[in-house]
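Chemist: no sequence for this one, just the structure:
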């Protein structure tokens, strides 16, 4: 069955450093993958989408890569700030193209 | 302002008392979906709808019903709630889903407690 894994439940880094979050998927090849940010008790908010034919996507301090050989997406936040502290979810499209499959998320804490 | 609204935001109820959580979007989106979020389990899809009168089961549909009579509304119905349905529920919508996708917009969430 399709499986999504975000390797770290929690990641603690210092302000100004680059945070790198990992998302691995198994048993299928998604047409695209999305990343969301979720703050406690609130709904997820879309950040970036990357398609299977794209290697990298950037938006301001955010960068996403998509390696279809490794079946992995990496999400980077450069020059991290305490305001970046949140849970980040990866969500590839499922094989049938009917739904996003959400990973359990990685909670990022940026300390000043 | 583009948004997805859910009501109620908080609800405490008792086992077996039917309830409905409403969801409405003002973006003319075709695709709508319901998720539940539980600690350690992440977001799991309950039901989704590709368009009016077109609904289908997600990963955890047992104990839930939905309907899509109008494009903007997608209510979630719990006919006989049980304590294992205590959770945080999110409604989401997007213009489409599939290869030509758009982003999903999430509602603010409904925290349901079933005693």
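Modeler: That came through, no problem. Given the structure is predicted, the values throughout are model-derived calculations rather than measurements.
Chemist: what does stretch A:15-30 rub up against?
Modeler: Residues outside stretch A:15-30 that contact it (Cβ atoms under 8 Å, 6 or more residues apart in numbering or on different chains) are A:1-8, A:11, A:13, A:33, A:35, A:52, A:68, A:70-82, A:84, A:88, A:90, A:92-95, A:103, A:106, A:108, A:110-112. No exception for glycine: its C-beta is placed from N, CA and C like everyone else's.
Chemist: Relative to the whole chain's centre, how far out is stretch B:103-115?
Modeler: 7 Å (Cα atoms, centre = their mean, to the nearest Å).
Chemist: tell me which residues of it are tucked away?
Modeler: Under the neighbour-count criterion of 16 or more other Cβ atoms under 10 Å in any protein chain shown, stretch B:103-115 has B:103-107, B:109-110, B:112, B:114 buried.
Chemist: One more: stretch A:47-60?
Modeler: For stretch A:47-60, a neighbour-count test (16+ other Cβ under 10 Å) marks A:47-50, A:57 as buried.
Chemist: just checking: which of those residues also lie near chain B?
Modeler: Filtering the buried residues of stretch A:47-60 for neighbours of chain B using Cβ under 8 Å from any Cβ of the partner chain leaves residue A:49.
Chemist: So which elements touch the helix or strand where residue A:107 lies?
Modeler: Secondary-structure assignment from DSSP states H and E places residue A:107 in strand A:106-111. Applying 3 or more Cβ pairs under 8 Å, 6 or more residues apart in numbering or on different chains; DSSP states H and E, one finds that strand A:106-111 contacts strand A:10-14, strand A:19-26, strand A:86-92.
Chemist: Near residue 67, how many other residues are there?
Modeler: You didn't say which chain, so I picked chain A. For residue A:67, the count of nearby residues is 12 (other Cβ atoms under 10 Å in any protein chain shown).
Chemist: hm, I was asking about chain B
Modeler: Neighbours around residue B:67, by other Cβ under 10 Å: 15.
Chemist: Would you confirm that it contacts residue B:75?
Modeler: Yes. Using Cβ atoms under 8 Å, residue B:67 is in contact with residue B:75, at 6.2 Å.
Chemist: Would you agree residue A:61 is in contact with residue A:78?
Modeler: Yes. Contact status for residue A:61 versus residue A:78: in contact at 4.9 Å, counting by Cβ under 8 Å.
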